[in-house]
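# what shape does this take:
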Amino acid sequence: MTNPMLEVRGLQMHFPLKRSLPARLRGQDVEAIRAVDGVDFVIHRGESVGLVGESGCGKSTLGRCITGLYEPTAGEVLLNGKRVMTGLHGDNTGPRVAQIIFQDPYSSLNPRMSVRQAVTEVLRVHHKLSGQQAT
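Residues are numbered from 1 along each chain as shown. You can find the predicted model right below:
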């Protein structure tokens with residue numbers, strides 16, 4: 001198989017609940033919400049990937065970390081083998097190579113199509129597969 005197009009290693013995004021300076025100076029632990037904790041995956045060129053989960057499980061937060069809208073607490077994102085700089089501390093002066101398209105399922109899904117039809121439509125349109133090949 002070819003080199004990975006996108007590789008995510010040990011990605012974490014924790015949102016602190018307490019940010020008071022006196023607490024940090026006293027060495028007190030800062031409580032945090034662990035929105036994303038230790039995500040690893042690889043996507044190769046030509047692959048189609050879907051991320052599915054219940055509301056509040058971290059899908060959007062993961063996407064924001066990958067595209068550089070959030071600076072992850074830990075981990076790294078590699079695009080074509082090169083580390084992606086994210087957040088305020090990264091070099092975001094280069095061209096945008098990824099974006100998030102948020103979808104409202106009530107307006108984006110066709111109620112006349114089955115889930116199988118909706119998923120395989122992507123394969124038929126973008127990968128020029130026949131209906132038989134897509135399933």
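# show the pLDDT at Lys59.
We note a pLDDT of 91 for Lys59 in this prediction.
# domains for this structure, by residue range?
4-102, 104-135 (automatic domain parsing).
# need the winner for burial among the ones you listed.
Most buried of the domains of the chain by mean neighbour count (mean count of other CB atoms under 10 Å) is domain 4-102; its value is a mean of 13. Every residue, glycine included, has its C-beta placed from N, CA and C.
# SS state for the residue nearest in space to the middle of the chain?
The centroid of the chain falls nearest to Gly63 when counting by CA atoms, centre = their mean (2.7 Å). Put simply, Gly63 is helix when judged by DSSP: H, G, I helix; E, B strand; the rest coil.
# what do you get for Ala118?
Going by three-state DSSP: Ala118 is helix.
# which non-adjacent residue is nearest it?
Leu109 (6.2 Å; CB to CB, 6 or more residues apart in numbering).
# so, low pLDDT: which residues of the chain?
1, 18-24, 27-30, 85-103, 105, 107-108, 126, 131, 134-135 (pLDDT under 70).
# which residues of it fall in strands?
Along the chain, counting by DSSP state E, strands occupy 4-16, 32-44, 74-79, 82-83.
# list the neighbouring strands of the shortest one plus their orientation.
This means strand 82-83. strand 74-79 (antiparallel) (DSSP bridges).
# one step back: distance of the residue nearest to Ala118 from Ser55?
Note on Leu109: its distance to Ser55, by CB to CB, to the nearest Å, is 16 Å.
# swap in Thr73?
As judged by CB to CB, Thr73 and Ser55 stand 22 Å apart.
# equivalent analysis for Arg64, please.
With distances taken as CB to CB, Arg64 is found 16 Å from Ser55.
# perfect, I'm done here.
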